[in-house]
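Chemist: Pasted the sequence and its predicted model underneath.
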Amino acid sequence: MVLRPDVMGQAIEHARARMPARAPLIYLSPRGRRFDQQMAQRLAQEPGVTLICGRFEGLDQRVIDHYQIIEVSLGDFVLTGGEIAAQMLLDATIRLIPGVLGNASSTEEESFSNGLLEHPQYTRPAEWQGHRIPDVLLSGNHAAIEAWRREQSEEITRTRRPDLWAAHEEAKRSGK
């Protein structure tokens, strides 16, 4: 079963009447462009967004074409519907809007903010079950701590996400 164009057209018109004209219209679909942190950052700058959650066999292509809907995928897998994907997209995007998080700098040094995965995190106590916090983190030397975090981020990205590492290396070569 495919979502009917007449029914979806009415629903879209109703939703769009309450949104700014330039707010993107997004359909969560496994065949869409993959959602990533950069897309979340762009969407956080928009005046709003209208999301269409797929069901059954999807949305009639005429609706996608008529409204110039942007298809977005969260990954190479299929869900029973687009609602969970929409929640993930919204959460990743809304947290980037100024004032949403209590500490605005929270989004500046996390995974994907600089093209790398995040470094390991530690808290008290300094030793737990025979595992110690790395000495450099207890040193008070902010430059050494920053260098350690960068090295850890690079190593984790290189070993766990070769795709991100390749993109990071390419960006460094091209000066981006």
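Modeler: Arrived safely.
Chemist: The longest strand along the chain pairs with which strands, and in what direction?
Modeler: In terms of residue count, the longest strand belonging to the chain (DSSP state E) is strand 25-34. Here strand 25-34 has these sheet partners by DSSP bridges: strand 50-53 (parallel), strand 70-73 (parallel).
Chemist: Please pull up the helix or strand immediately following that strand.
Modeler: Once the chain leaves strand 25-34, the next helix or strand it forms, by DSSP states H and E, is helix 37-44.
Chemist: Show me how far that following helix is from its chain's centre.
Modeler: 7 Å (CA atoms, centre = their mean, to the nearest Å).
Chemist: Between strand 25-34 and that helix, find me the angle.
Modeler: If you take axes from the mean of the first three to the mean of the last three CA atoms, to 10 degrees, helix 37-44 sits at 170 degrees to strand 25-34.
Chemist: still on that earlier bit, hmm, who's touching the longest strand of the chain?
Modeler: 12, 16, 39, 49-54, 58-59, 64, 67-78, 82, 85-86, 89 (CB atoms under 8 Å, 6 or more residues apart in numbering). The C-beta positions use only the backbone N, C-alpha and C, and glycine is treated the same way.
Chemist: let's see it at 7 Å
Modeler: Applying CB atoms under 7 Å, 6 or more residues apart in numbering, the external contacts of strand 25-34 come out as 12, 49-54, 58-59, 64, 67, 69-73, 75, 78, 82, 85-86.
Chemist: Which residues does stretch 136-144 contact?
Modeler: Outside stretch 136-144, the residues that touch it by CB under 7 Å, 6+ apart are Y122, A126, I145, W148.
Chemist: Quote the end-to-end distance of it.
Modeler: One end of stretch 136-144 to the other measures 7 Å (CA to CA, to the nearest Å).
Chemist: Counting neighbours, which bits of it end up buried?
Modeler: Buried residues in stretch 136-144, counted by 16 or more other CB atoms under 10 Å: L137.
Chemist: Show the average pLDDT along that stretch.
Modeler: When pLDDT is averaged along stretch 136-144, the result is 98.
Chemist: residue ranges of the helices in the chain, please?
Modeler: Here the chain has its helices, by DSSP state H, at 5-16, 37-44, 61-66, 83-94, 135-138, 142-160, 162-174.
Chemist: Would you reformat those helices as a markdown table and include distance to F112?
Modeler: Formatted as a markdown table, these follow (distance: least, CB to CB, whole Å):
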| stretch | distance to F112 |
| --- | --- |
| helix 5-16 | 29 |
| helix 37-44 | 4 |
| helix 61-66 | 28 |
| helix 83-94 | 9 |
| helix 135-138 | 22 |
| helix 142-160 | 10 |
| helix 162-174 | 8 |
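Chemist: do you know which of those helices lies nearest G102?
Modeler: helix 83-94 (13.8 Å; CB to CB).
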